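Chemist: Could you work out the structure for the sequence below:
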Amino acid sequence: MTPKAVFWDMDGTLVDSEPLHEAALMAAMRNVGLVPPDDLHERVLGVAAWPVYQMMRDEFGLDLPFDDWIVRKYEHYLPLVETLKPRPGAIEIFNELRAMGVAQAVVSNSDRMIVDANLSMVGLIYPGMKTISRNDVREGKPHAEPFLRAAYLADVDPAHAVAIDDSWPGAMAGLAAGMKTIFWPEKPMGGPPGAAVINSAEELRRELGL
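Modeler: Prediction:
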C-alpha cells in the first residue's frame, strides 16, 4: 500500500553527490595543510557540516573558525555541481509518487545553499516543493527533528510517512521520528535495527507499494 507521505534524503539518496562532497572535503583539507584519512568517507557519510568541522578541529588540528572553513569547502564543492547526476531510479520514483498525489519532501543534513544547488542541477524544483535543510532545524540527523519538520509541513502523521536515506545517521533520524524507514545505502551493508534495508530502485518500488 502506497504511504501518505514519502520523505527523501538528498545526498546519496536522490542525487549521487557523496563523491562530490568527499572530493571537496579532501581538497579543503589539503588546502589548509591537513592529510585526509583513509576512512574519511565512512566517517563523514550523512554527517552535517558542524560535526564534521568539530572532527577536523579536534582530531586533525584545523585552526580556522567554522565560517571560514565552510566557505573553503563550498568553494571546492559548488564548481563540481555541474557534474552531479541523479541516483539511478530515484527521481523517477519521486516523480511517479508526485503524479499520484503522494506528499513528499526532501530532508537533508546539507546547508540550504547546497540543497538548492543540487536539486536545481537535476531539475527537481517546482512550485510548492517542500525541502528541509540543516539551516531549517535546531538539530540535524540523527535527531528526529528534520523528518518531523517534514511531516509538519506536509500535514501528515509521522506514523503514516516513509523516510528514505542512504546513511546510518539519516536512517536513525527516520526511526526516531516514528516513520517507516528505508535504508538504501550506496553499497550493500546492514542498516540500523528497525529499518528496511534495500539495494536497488526496484526494491524501493516494492517497499513503496508501486
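
Chemist: quick one: low-confidence parts of this protein?
Modeler: Of all residues in the chain, none has pLDDT under 70.

Chemist: What segments of it are helices?
Modeler: Taking DSSP state H, the helices of the chain run over residues 18-31, 40-44, 49-60, 66-77, 90-100, 112-121, 145-154, 168-176, 201-207.

Chemist: out of these, which comes closest to D9?
Modeler: Distance to D9, taken as CB to CB, is lowest for helix 168-176 among the helices of the chain, at 4.8 Å. C-beta: built from backbone N, CA, C; applies to glycine.

Chemist: Between helix 145-154 and that closest one, find me the angle.
Modeler: Per axes from the mean of the first three to the mean of the last three CA atoms, to 10 degrees, the angle that helix 168-176 makes with helix 145-154 is 50 degrees.

Chemist: what helices or strands is helix 168-176 leaning on?
Modeler: Packing partners of helix 168-176 (3 or more CB pairs under 8 Å, 6 or more residues apart in numbering; DSSP states H and E): helix 145-154, strand 161-165, strand 180-183.

Chemist: Let's have these in TSV, adding distance to A5 and mean neighbour count.
Modeler: As requested, the helices and strands packed on helix 168-176 are exported to TSV (distance: least, CB to CB, whole Å; neighbours: other CB atoms under 10 Å):
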stretch	distance to A5	mean neighbour count
helix 145-154	5	22
strand 161-165	4	29
strand 180-183	10	24
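
Chemist: Just put these in CSV and tack on distance to R134.
Modeler: Formatted as CSV, the helices and strands packed on helix 168-176 follow (distance: least, CB to CB, whole Å):
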stretch, distance to R134
helix 145-154, 8
strand 161-165, 14
strand 180-183, 19
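
Chemist: right, so of the ones you listed, which gets closest to D11?
Modeler: Per CB to CB, nearest to D11 of the helices and strands packed on helix 168-176: strand 161-165, 9.7 Å.

Chemist: ok and that closest one relative to helix 168-176, angle-wise?
Modeler: When the same axes, to 10 degrees is applied, the directions of strand 161-165 and helix 168-176 differ by 170 degrees.

Chemist: Identify all contacting residues around strand 161-165.
Modeler: 3-9, 13, 46, 103, 107, 141, 147, 150-151, 154, 170-171, 173-175, 177, 179-184, 204, 207-208 (CB atoms under 8 Å, 6 or more residues apart in numbering).

Chemist: And for stretch 194-207?
Modeler: The contact list for stretch 194-207, computed with CB under 8 Å, 6+ apart, reads 88-90, 92-93, 162, 164, 171, 174-175, 180-185, 188, 190-191.

Chemist: Just the C-alphas of that stretch, formatted as PDB.
Modeler: C-alpha atoms of stretch 194-207 as PDB (Å, rounded to 0.1, in the frame of the first residue of the first chain):
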ATOM      1  CA  GLY A 194      14.100  -1.500  12.600                       C
ATOM      2  CA  ALA A 195      15.000  -0.100   9.100                       C
ATOM      3  CA  ALA A 196      14.000  -1.900   5.900                       C
ATOM      4  CA  VAL A 197      17.300  -2.500   4.000                       C
ATOM      5  CA  ILE A 198      17.200  -2.300   0.200                       C
ATOM      6  CA  ASN A 199      19.900  -2.300  -2.500                       C
ATOM      7  CA  SER A 200      18.100  -1.200  -5.700                       C
ATOM      8  CA  ALA A 201      15.400   1.100  -7.100                       C
ATOM      9  CA  GLU A 202      13.300  -2.000  -7.900                       C
ATOM     10  CA  GLU A 203      13.300  -2.900  -4.200                       C
ATOM     11  CA  LEU A 204      12.400   0.600  -3.300                       C
ATOM     12  CA  ARG A 205       9.400   0.500  -5.600                       C
ATOM     13  CA  ARG A 206       8.200  -2.700  -3.900                       C
ATOM     14  CA  GLU A 207       8.600  -1.100  -0.400                       C
END
